[in-house]
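A.B. asks: here is my input, please return the structure:
(2 chains)
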Number of protein chains: 2
Amino acid sequence: MKFNITLEEAQSLVLERCQPVETEFVHLNDALGRVLGRDIRAEENIPPFSRSPYDGYAFRAEDTIGATEANPVTLEVIEEVPAGYAPQKKVITGKAVKILTGAPIPEGADAVTKYEETGINGAYVEIYTSFKSNENIVPAGEDVAIDEIIAYKGTAVSPPIIGLMSALGITEVEVHKRPRIAIISTGDELLDISEPLSPGKIRNSNAYTLAAYCKELGTDPVIMGTVRDKTEEVARFINQGLEDADMVITTGGVSVGDYDVVGDAVKAAGAETLFWKIEIKPGSPSLAAVKDSKLILALSGSPAAAMVIYQLVGMVFIKKLAGWSEVFHPQTEVILKKDFRKASPRRRFLRGRLLVEDGTAYVETIGGQGNGVLRSLVGCDILAEIPEGSGPLKAGEKLTAYLLD
Amino acid sequence: MKFNITLEEAQSLVLERCQPVETEFVHLNDALGRVLGRDIRAEENIPPFSRSPYDGYAFRAEDTIGATEANPVTLEVIEEVPAGYAPQKKVITGKAVKILTGAPIPEGADAVTKYEETGINGAYVEIYTSFKSNENIVPAGEDVAIDEIIAYKGTAVSPPIIGLMSALGITEVEVHKRPRIAIISTGDELLDISEPLSPGKIRNSNAYTLAAYCKELGTDPVIMGTVRDKTEEVARFINQGLEDADMVITTGGVSVGDYDVVGDAVKAAGAETLFWKIEIKPGSPSLAAVKDSKLILALSGSPAAAMVIYQLVGMVFIKKLAGWSEVFHPQTEVILKKDFRKASPRRRFLRGRLLVEDGTAYVETIGGQGNGVLRSLVGCDILAEIPEGSGPLKAGEKLTAYLLD
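C.D. replies: Numbering: from 1, shown residues only, chains lettered A, B, ... in the order given. So this is what the prediction gives:
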């Protein structure tokens, strides 16, 4: 068991014990947001044929050499091709085909003019400028060429990916199953959300917040309820969670006090502790253990501390579990919008909002940054890092930040 | 009916005909992502009482005046208060209470010291520094004070809002119903996604892409299927859609050609046309009409053109319909990452990705920007605007942009 480690060490320790859940096939209509179990390769071109982007006429470009307003080229219209129909005739020199938006380019034709830029004269069309070969033709495969990969294994299915799969006729999609995540709340002070307050008690909020974050990530949370601060009881809940789910998250009881039973409970449950305490603020009192290749992540009972470690360690682990190929939050630099007046003897992560103004990317911190202030996570889409040993920071300083989403 | 209008005019014309759908009550467990039908006001403090952030001792700060390492103050420990329990005794001068993280501060005490910074001597605790009143005390209401609004009507419920509502014991939440959106595809060229390709035909992708975007937005899409390019048929589908849903979106058949029947179909369905054509690229051929206070939005059949107008007009309308108070995409300025070599005789929207690098917010355009290129919407989270009459643009230029999602 490692004690008091860096965030990066904590991430590695959990990731090296993580195997993605298996895959299943779902219908395209149920695939939105799911994590792909394999690359999606195009077995056809999109569009499947060269087509006209306009209502107009298709012809041979070389027939229009020298055409001007005063001296137009006149071509005989031999056919009309609406979208959805195949041309029946070949375009030879001196001939044109009336073509509608989206219709296939007839054999022999290599240019299209817009309807409104021509003159009509019975069965003949007049063309007033010269065209280059391929002018106004959308080539087959313009959007996606055959054999291209349109979406990669380990990425989530988004609306345009749904569209591309539709165009390719892919109706069944291999995706990772949704990992089940058991959530256990520990603490004698916890009431259920439907109970009235009583002296010394607070309602359980962490389980509901975590479940919502897990749902947002496309996983399947199971709220297992609240357990009192008794080692055997917590151990029993943990073992139940390991049986029902792919991973267990607990909150509370992970500090150093007499009632902090989670460290003992994890041992009593027969799990191997990977680490205890991470050298960051908030959320230092956190623990990870593993049993039967499943992770138990024990978070602080303080709401904001718990959620920051959920984001920085839990989510990273869950993404790998859920089959994502990229599991870390994108890291970048942003400019601090307002002074942050506290010193940071320890490495600290600020809850903030990304603000794009006039080409600059700012982080605006949200309200109080105390361990218990859940409100600072409302609207939080960025965690900005302050290095260990920093003094108060001035607006305009550049900080490394993790983009959540 | 207005013809060839600005984007802003198109937005106003649809918004002024929009009434949000009614509200319903759902359980907190089903509230994630839903749009609040009323402000959520705290009827209690979070936390409900002043509490200790540490395992340690609570006492009267004035008792520690002058305490030093060499000359500690010694206080008698009269009680132990774990989290979840109410203190039974009052702290008077010379006395202290052992207190655990999260436990209520006993009456009379106004400071807390960490356990590890004290000395224990039987029933007595030694304190080595002097404390200020309120030191190490988390006040009642630190996270949320009674009567504060924790979430506003017209905003979506996020995980931390779920957490705050849990803490307040709010188990039933008033949210707007999910608007139902009927999606109709028009075009003789369209095959169903399960059909093999045949000459001149393409598979219907727009309906599936749109349905996925609608789902992502928390609404309830209904794919009504494909209708041929016949005015009466399209009109019948539109009327069916208006009966089944709160809004109808069509794709295809909205340009100027002989087979572009949607404009006529809308009239035949008995709807009042609001506008036809918007002066932007892509997506100019778009139409909006209204019947029985319900909107019909007719989009281009070209996938990218359809989706850009969905984002800029459709989504703005749907957000109002769904009860959002802020319906427009946030607008800001970003820096063009790479040259954009085409001239823009018309006002143009580029599909791109927001890129935050070293404190700067860039837009990186995604692949081909043709009307048919759906792929350029994969990963697209920003639409950058190029003013009418612009020449080719150099990397480094500043553009106005709309941040999607």
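A.B. asks: my read: A:Leu15 touches A:Met315, true?
C.D. replies: No. Counting by C-beta atoms under 8 Å, A:Met315 is not a contact partner of A:Leu15; they are 11.8 Å apart. C-beta here means a position set from N, CA and C on the backbone, and glycine is covered the same way.
A.B. asks: so for those two, which sits in the more crowded spot?
C.D. replies: A:Met315 (23 against 17; other C-beta atoms under 10 Å in any protein chain shown).
A.B. asks: do you know how far that one is from chain B?
C.D. replies: 11 Å (C-beta to the nearest C-beta, to the nearest Å).
A.B. asks: state the distance from the closest residue to that residue other than its chain neighbours to A:Val35.
C.D. replies: In this structure, A:Met315 finds its nearest non-sequential neighbour in A:Leu217, 6.7 Å apart by C-beta to C-beta, 6 or more residues apart in numbering or on different chains. Noted for A:Leu217: a distance of 10 Å to A:Val35, by C-beta to C-beta, to the nearest Å.
A.B. asks: now swap in A:Thr332 and tell me
C.D. replies: Counting by C-beta to C-beta - A:Thr332 and A:Val35 are separated by 24 Å.
A.B. asks: these two: which has the busier surroundings?
C.D. replies: A:Val35 (25 against 19).
A.B. asks: where's the closest residue to A:Lys177 other than its chain neighbours, which helix or strand?
C.D. replies: Distances taken as C-beta to C-beta, 6+ apart place A:Val21 nearest to A:Lys177, at 4.8 Å, with adjacent residues excluded. Following DSSP states H and E, there is no helix or strand that holds A:Val21.
A.B. asks: now A:Val21: how far from B:Asn4?
C.D. replies: 53 Å.
A.B. asks: who has more neighbours, those two?
C.D. replies: A:Val21 (19 against 11).
A.B. asks: thinking the more buried one is in contact with A:Gly323, fair?
C.D. replies: Yes. Here A:Val21 reaches A:Gly323: they are 6.7 Å apart, a contact under C-beta under 8 Å.
A.B. asks: what do those two both touch?
C.D. replies: Shared contacts of A:Val21 and A:Gly323, defined by C-beta atoms under 8 Å, 6 or more residues apart in numbering or on different chains, are found at A:His176.
A.B. asks: from the contact counts, what lies against the helix or strand bottoming out on mean pLDDT in chain A?
C.D. replies: Within chain A, no helix or strand scores below strand A:118-121, which has a mean of 93 by mean pLDDT, DSSP states H and E. When contacts are defined as 3 or more C-beta pairs under 8 Å, 6 or more residues apart in numbering or on different chains; DSSP states H and E, strand A:118-121 packs onto strand A:124-127.
A.B. asks: repeat that for 10 Å
C.D. replies: Counting contacts by 3 or more C-beta pairs under 10 Å, 6 or more residues apart in numbering or on different chains; DSSP states H and E, strand A:118-121 packs against strand A:56-59, strand A:73-81, strand A:95-99, strand A:124-127.
A.B. asks: go through the ones you listed and pick out the most buried.
C.D. replies: strand A:56-59 (a mean of 27; mean count of other C-beta atoms under 10 Å in any protein chain shown).
A.B. asks: wait, a strand at A:Gly368?
C.D. replies: No. Using DSSP: H, G, I helix; E, B strand; the rest coil, the assignment for A:Gly368 is coil, not a strand.
A.B. asks: who's in contact with it?
C.D. replies: Contacts for A:Gly368 (C-beta atoms under 10 Å, 6 or more residues apart in numbering or on different chains) come out as A:Ala304, A:Arg351, A:Arg375, A:Ser376, B:Glu142, B:Asp143.
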